[in-house]
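Participant: sequence first, then the predicted structure:
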Amino acid sequence: MAPTYLAENLSNPSITFPLRLQQGLLQKTDERDAYLMMLGIMARTPRGSWPEHSLFGFQDFFPEIANENLSQESRTRMAETITGEINTVLTDLGLTRYRVDSLMLEPLERVMQASNSVRPVGYMSEGRNVTLMLREVGSDRATGYAL
């Protein structure tokens, strides 16, 4: 797909965003996919490593929430806190169409049961999948994505 230029200012053409590179070519991407790419980048980025926003990045969250000594209540509070921080970053960056509803860590019992089977590849914490629930603002449906 070719870039889109704004017709009213051809002397200084602008490219419509969001964009992605695929096999060396610039292509327009779906807005939800752009949010998911951003959230994936945030999931792989340590907190504080991007100077433009102190809350950007939540890589440190994964080993913390997987700590076996944490109670379920502590895990829930931690997930709620990080969810709020992710939404703060999105809002501060002007990304307001989608919100993260929750982050859920796959229960340890399920991991033990599935240890001999093939599982989808996603961001894993101590062998456990983390699912992010993303909701379009104004919608009553959220969709889960494995990080």
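Facilitator: In hand now; what should we look at?
Participant: all contacts plus neighbour counts: C-alpha atoms, from now on.
Facilitator: Fine.
Participant: and the end-to-end length of stretch 88-106?
Facilitator: Terminal residues of stretch 88-106 lie 25 Å apart, using Cα to Cα, to the nearest Å.
Participant: now do that stretch, average pLDDT.
Facilitator: For stretch 88-106, the mean pLDDT works out to 91.
Participant: same check on stretch 66-83?
Facilitator: Here the average pLDDT along stretch 66-83 is 90.
Participant: do the same with stretch 137-147
Facilitator: pLDDT averaged over stretch 137-147 gives 90.
Participant: mind listing what's buried in that stretch?
Facilitator: Using 16 or more other Cα atoms under 10 Å as the test for burial, stretch 137-147 gives 142, 144, 146-147.
Participant: repeat that for stretch 91-105.
Facilitator: If you call a residue buried by 16+ other Cα under 10 Å, then stretch 91-105 has these buried ones: 98-105.
Participant: repeat that for stretch 41-54.
Facilitator: In stretch 41-54, counting by 16+ other Cα under 10 Å, buried: 41-43, 45-47.
Participant: among these, which are in helices?
Facilitator: Among those, the members found in helices (DSSP state H) are 41-43.
Participant: can I get those residues in TSV including distance to residue 133?
Facilitator: Output for those, formatted as TSV (distance: Cα to Cα, whole Å):
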residue	distance to residue 133
41	16
42	15
43	14
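Participant: understood, closing this out.
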